[in-house]
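In: Starting from these lines, generate the structure:
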Amino acid sequence: MLLWTGVVTTALTNWMETVALKTLSAAETTLIFSTEPLFGAAFAGVVANEYLGMDDAIGAASIIGGCIVSGMDFERKPAETRDNYCTTDNQIATHVMSVKY
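Out: Down below sits the predicted model:
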C-alpha cells in the first residue's frame, strides 16, 4: 500500500503534471496553480456534498480577484506617446499634417 501511495499516486502524477506544464507559459501555469483550491472546493461540494459557507465565498473571490489583478498590465505609457495626444481640432489637424507617410 505504501509503495502504491508513494510511487503511483504521488510521484507519477507529479511527474505527469510537470511534463504537461512545460507546454504552458508562466502566466498560464500560475493561473492553474492559483485556482487549484477553487477546483478542490467545487469538487468537494459536488462529489462529497460539502457545504461551502460565506468565508469560502470570500476566499474564492479573493483568489479570482488576485488572478484578475495579476493579469492586468499596469505599465505606464512612454512619455512620447502620452504627450502626443491631441486635445483640440487645431492640434489634430496640425498633428495629421506633420505625420510623414
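In: drop to CA atoms for contacts and neighbour counts, all remaining ones
Out: Fine.
In: and for the helix ranked longest in the chain, what are the contacting residues?
Out: Longest among the helix segments of the chain by residue count, using DSSP state H, is helix 54-71. Contacting residues not belonging to helix 54-71 are listed as 27, 31, 34-35, 38 [C-alpha atoms under 8 Å, 6 or more residues apart in numbering].
In: Return a PyMOL selection command for the buried portion of the residues you listed.
Out: If you want just the buried ones from those in PyMOL, going by 16 or more other C-alpha atoms under 10 Å, the selection is:
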select buried, resi 31+38
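In: Which of the contacts of helix 54-71 fall in strands?
Out: Members of those lying in strands (criterion: DSSP state E): none.
In: and the two most separated of the contacts of helix 54-71?
Out: A27 and L38 (17.6 Å; C-alpha to C-alpha).
In: mind listing what's buried in the longest helix of the chain?
Out: 60, 63-64, 67.
In: pLDDT of it, averaged?
Out: Mean pLDDT, helix 54-71: 89.
In: returning to that earlier point: among the contacts of helix 54-71, which one sits closest to G45?
Out: The closest of the contacts of helix 54-71, once distances to G45 are taken by C-alpha to C-alpha, is L38, at 10.5 Å.
In: which residues does S34 contact?
Out: Contacts of S34 (C-alpha under 8 Å, 6+ apart): 63, 67.
In: Over to the one 4 residues further on?
Out: With C-alpha under 8 Å, 6+ apart as the criterion, the residues that contact L38 are A60.
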